[in-house]
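1. I need the structure of the sequence given here:
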Amino acid sequence: SAAHLRLRILGQIELGRLQWQAAGPELGFTLNQALGTLDAVRAEFGADASSDIAVELSQVIAGVCFDLGDMGSLSRAFEELTVASRLLQTEGETLRAARLLNEQAAVLMRMGEVSRAKDLLRESRAVFSARDHEDPVTTRELAETDHLMAWLPLYATMVPGREQEGYRIGLERAASAERGFRRLDD
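-> Purely as a prediction, here's the structure:
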């Protein structure tokens, strides 16, 4: 039945997530094992998966690839998040798609594409600044955006003579992120 297939796919994704989060010599899993499990899920169920499951799978694969951290894996992480974003947009889930902007920006920063990352962070800020600031989702997204913006001066090539200003802005963003996370007790 469709319900049984859905549970089976979600179970396999969860196995991959557990392997990812438990990766390390003490627990015996590796990131490559987690990726292998997730790739097997896609190979077996890709065409049969609903869009919400496809999004979930793409996000978990992106997380594993981000942690692997080599340029090929980072490129794949960005592609997976882009696919997830497109699927969400197609389903009319614009808010969920916007929540992926920070993840995409983090990947781009690690890839050294600071300008593109900054554009995505600005887009995220614009989306969530227009929402109810008492909403926990909005608070978290704005805090995560500020946290990533605080890192930008460490990745960017700064204009000579304006380094102190860049670091000052970074510290302001870090303080803003901290306030947001404290409001969430996080």
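2. quick check: closest non-adjacent residue to the residue positioned nearest the centre of the chain.
-> By Cα atoms, centre = their mean, the chain has its centre lying nearest to Glu103, at 2.6 Å. The spatially closest residue to Glu103, leaving aside those adjacent along the chain, is Leu81, at 5.5 Å (Cβ to Cβ, 6 or more residues apart in numbering). In short, each C-beta sits where N, CA and C put it, glycine included.
3. I'd say the one you found and Ile61 touch.
-> No - contact between Leu81 and Ile61 fails when scored by Cβ atoms under 8 Å: they sit 9.3 Å apart.
4. distance of the nearest residue in space to Trp151 that is not next to it in sequence from Glu14?
-> Of all residues beyond its chain neighbours, the one nearest Trp151 is Met109 (6.5 Å), with distances taken as Cβ to Cβ, 6+ apart. Here the criterion is Cβ to Cβ, to the nearest Å. By it, Met109 lies 28 Å from Glu14.
5. more neighbours: which of the two?
-> The residue with more neighbours, out of Met109 and Glu14 and counting by other Cβ atoms under 10 Å, is Met109; that gives 22 against 13.
6. circling back to that earlier point, so who does the residue nearest to Glu103 touch?
-> Contact partners of Leu81, counting by Cβ atoms under 8 Å, 6 or more residues apart in numbering, are 58-59, 62, 100, 103-104, 107.
7. mind putting those in TSV, pLDDT and secondary structure included?
-> Rendered in TSV, the data for the contacts of Leu81 read as follows (pLDDT from 0 to 100; DSSP: H, G, I helix; E, B strand; the rest coil):
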residue	pLDDT	secondary structure
Ser58	96	helix
Gln59	96	helix
Ala62	97	helix
Leu100	95	helix
Glu103	95	helix
Gln104	96	helix
Val107	96	helix
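8. how about low-confidence regions in the chain?
-> Under the criterion pLDDT under 70, no range of the chain is flagged.
9. in it, which spans are strands?
-> In the chain, no strands are defined using DSSP state E.
10. many thanks, I have nothing further to ask.
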